[in-house]
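Undergrad: what's the 3D shape of this:
(2 chains)
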There are 2 protein chains.
Amino acid sequence: MTSVVILGYGNVGKHLCSGFHKASDVTVKQVYNRKSIRLTSEVKEIPFTTDLTALETADVYIIAIPDDAIASFSEGIPLKDALVVHTSGSVPMEILADKNRKGVFYPLQTFSKASKVDFADIPICIEAEKPSDLQLLRKLGNALSKKVVEISSEERAKLHLSAVFVNNFVNHLYYMSEAYLNENHIDFDLLKPLIAETARKMEHLTPTKAQTGPAKRNDQKTIEKHLKLMGPSPMATLYKQFTDAIQRTTKSKSN
Amino acid sequence: MTSVVILGYGNVGKHLCSGFHKASDVTVKQVYNRKSIRLTSEVKEIPFTTDLTALETADVYIIAIPDDAIASFSEGIPLKDALVVHTSGSVPMEILADKNRKGVFYPLQTFSKASKVDFADIPICIEAEKPSDLQLLRKLGNALSKKVVEISSEERAKLHLSAVFVNNFVNHLYYMSEAYLNENHIDFDLLKPLIAETARKMEHLTPTKAQTGPAKRNDQKTIEKHLKLMGPSPMATLYKQFTDAIQRTTKSKSN
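TA: Next up is the predicted model:
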């Protein structure tokens, strides 16, 4: 049985807490949060504190707070030689305070309050200074997920950057389409099956194989029509850039 | 029972043919293709021809060929006053030859050879000159899908443009991430659960509500870190643009 204390009860902390609580070989001994909050009903029996000096003893302390606050927060933890890990994609492990054993436990997923999370399919990227800690984190990861991988801080930063492209930027493309269709009184819901299928294709196709559309087939007539429809606008600028980028890619593949 | 002839056996024609063949109240009377091809085994009993002068009589003739070829192809169909529709998102209805009744039957989805298609959830956008033809196309659409909507050529062009953003451009973001991770010897598969969840969120959240990430929370430190990681590159240029665009949007929302 591995025992953990969750430090921070935001989106990630909340989902980790529920996930560990359900796992058979993990005990969540305590949840800490700066401000007093109510734990969700499924985990309401877990002891809660707002007092860092009242931390329970545990195998792993998991910091789940905003990136900027991790370094100073880890300094303020009144423990010594405990295993303290953070859950951030973009923050290096070494930023953690030297007085404790350092590690990272990064679930590569987007968490929101509204959505339930099934950890089974979420890759957990782990890192630790000591091999025995890495082993402990691997065990902890396996309690949640089928996929636990050792990833260095440098690789994790690159993964996180890529995650920004396939999540944040993809979502902004959804946003632009929605705004454009709303302006034109056309129902955004009509695009939802296409949005779902575009992502689903990644289960069995590479992005290169999945690419279709006017840019890919160099259909200048449709491209011109689209640019005329949008007029000069930030949307049109982005359209041109993607079109150029897709055409560059397609050309370099066929050469 | 509605009878159809499918003109063109590419991706769209093939999927429509299989879809109609399975539907209880539609008969596919014939498939035409410019070149001789083999029909997929599930529809192999459907009569096939490469001879436009040998077309069977049917309620609806469905053109499923490349956009550029639709106009001249429709001129070449040796019929009069038949209902001839095309399946393109970006081509106006009026481009069809005047000698026949015009219509559009546009399934809003991305089709590829490899993937099976379930038409039930695919919006079918229909258009026709005559109300009775519109009714016929609605019936035909309902035989495949739960969602059949009347959409004008102008609206359809705008829908198609938006589809390019949420499909072609989204897929290119997948491509860029894959290329970047491959260069850095990191497994692209790690991003797949995130790709799936990003799309799945659209089932119950608006893009505005679903937006997260460094740009959204104005996390300059992470943004700088990301730009440094990429160095000067087309990827970095796109990163800056998306970041600016997301920040513009977020600001205008909070004002």
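Undergrad: quick one: find the helix or strand in chain A with the lowest mean pLDDT.
TA: Scoring the helices and strands of chain A by mean pLDDT, DSSP states H and E places helix A:234-254 at the bottom, with a mean of 87.
Undergrad: for that helix, buried residues please.
TA: By neighbour count on 16 or more other C-beta atoms under 10 Å in any protein chain shown, the buried set for helix A:234-254 is A:235, A:238-239, A:241-243, A:245-247, A:249-250. The C-beta positions use only the backbone N, C-alpha and C, and glycine is treated the same way.
Undergrad: residue contacts, A:Ser36?
TA: Neighbour list for A:Ser36: A:48, A:50 [criterion: C-beta atoms under 8 Å, 6 or more residues apart in numbering or on different chains].
Undergrad: what kind of secondary structure is it in?
TA: coil (DSSP: H, G, I helix; E, B strand; the rest coil).
Undergrad: A:Leu136 now?
TA: Per three-state DSSP, A:Leu136 ends up helix.
Undergrad: contact partners for the closest residue to A:Val117 other than its chain neighbours?
TA: With sequence-adjacent residues excluded and distances taken as C-beta to C-beta, 6 or more residues apart in numbering or on different chains, A:Val117 is closest to A:His15, at 4.7 Å. Neighbouring residues of A:His15 by C-beta under 8 Å, 6+ apart: A:107, A:111, A:117, A:119.
Undergrad: my guess is A:Lys139 meets A:Met1, correct?
TA: No: under the criterion of C-beta atoms under 8 Å, A:Lys139 is not in contact with A:Met1, lying 10.2 Å apart.
Undergrad: ok, those two, which is more surrounded?
TA: Using other C-beta atoms under 10 Å in any protein chain shown as the criterion, A:Lys139 and A:Met1 rank with A:Lys139 on top: 15 against 8.
Undergrad: for the more buried one, give me its contacts.
TA: A:2, A:25.
Undergrad: so is stretch A:234-252 next to chain B?
TA: Yes: Stretch A:234-252 lies within reach of chain B by C-beta under 8 Å from any C-beta of the partner chain, at A:234, A:237-239, A:241-242, A:245-246, A:249.
Undergrad: and stretch A:28-45, which residues are buried?
TA: Using 16+ other C-beta under 10 Å as the test for burial, stretch A:28-45 gives A:28-33, A:39, A:43.
Undergrad: likewise for stretch A:105-114?
TA: Residues of stretch A:105-114 classed as buried by neighbour count (16+ other C-beta under 10 Å): A:105-111.
Undergrad: what about the nearest residue to A:Leu161 once chain neighbours are set aside, which SS state?
TA: In space, and not counting its chain neighbours, A:Leu161 is closest to B:His226: 4.9 Å by C-beta to C-beta, 6+ apart. What three-state DSSP gives for B:His226 is helix.
Undergrad: isn't A:Gln30 right up against A:Asp51?
TA: No: judged on C-beta under 8 Å, A:Gln30 makes no contact with A:Asp51 at a distance of 10.6 Å.
Undergrad: and the residue nearest to the spatial centre of chain A, how far is that from A:Lys147?
TA: Nearest residue to the geometric centre of chain A (C-alpha atoms, centre = their mean): A:Gln109, 3.3 Å. Going from A:Gln109 to A:Lys147 by C-beta to C-beta, to the nearest Å gives 11 Å.
Undergrad: overlap in contacts, those two.
TA: Common neighbours of A:Gln109 and A:Lys147 (criterion: C-beta under 8 Å, 6+ apart): A:Ile122.
Undergrad: low-confidence ranges in the stretch 151-255 of chain A?
TA: Scanning the stretch 151-255 of chain A for pLDDT under 70 picks out A:252-255.
Undergrad: how about the helices in it?
TA: Remark: helices assigned in the stretch 151-255 of chain A by DSSP state H, counting those that start in this stretch are A:153-163, A:170-183, A:192-200, A:207-210, A:220-230, A:234-254.
Undergrad: and if you look at the stretch 1-150 of chain A?
TA: A:11-22, A:70-76, A:131-144.
Undergrad: could you export those as JSON lines, including distance to A:Asp98 and mean pLDDT?
TA: JSON lines is the format used below for the helices of the stretch 1-150 of chain A (distance: least, C-beta to C-beta, whole Å; pLDDT from 0 to 100):
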{"stretch": "helix A:11-22", "distance to A:Asp98": "24", "mean pLDDT": "96"}
{"stretch": "helix A:70-76", "distance to A:Asp98": "9", "mean pLDDT": "98"}
{"stretch": "helix A:131-144", "distance to A:Asp98": "15", "mean pLDDT": "98"}
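Undergrad: go through these and pick out the most buried.
TA: Of these, the one with the most neighbours on average (mean count of other C-beta atoms under 10 Å in any protein chain shown) is helix A:11-22, at a mean of 20.
Undergrad: who are the contact partners of the closest residue to A:Thr249 other than its chain neighbours?
TA: Excluding the flanking residues, the one nearest A:Thr249 by C-beta to C-beta, 6+ apart is B:Tyr175, at 6.6 Å. By C-beta under 8 Å, 6+ apart, the contact set of B:Tyr175 is A:207-208, A:211, A:249.
Undergrad: let me know the closest of the residues you listed to chain B.
TA: A:Pro207 (3.7 Å; C-beta to the nearest C-beta).
Undergrad: just checking, the closest one touches B:Val170?
TA: No: under the criterion of C-beta under 8 Å, A:Pro207 is not in contact with B:Val170, lying 9.6 Å apart.
Undergrad: which of those two has more residues huddled nearby?
TA: Higher neighbour count among A:Pro207 and B:Val170: B:Val170, with 28 against 22, using other C-beta under 10 Å.
Undergrad: what's the nearest residue to that one if we skip its chain neighbours?
TA: A:Val170 (5.0 Å).
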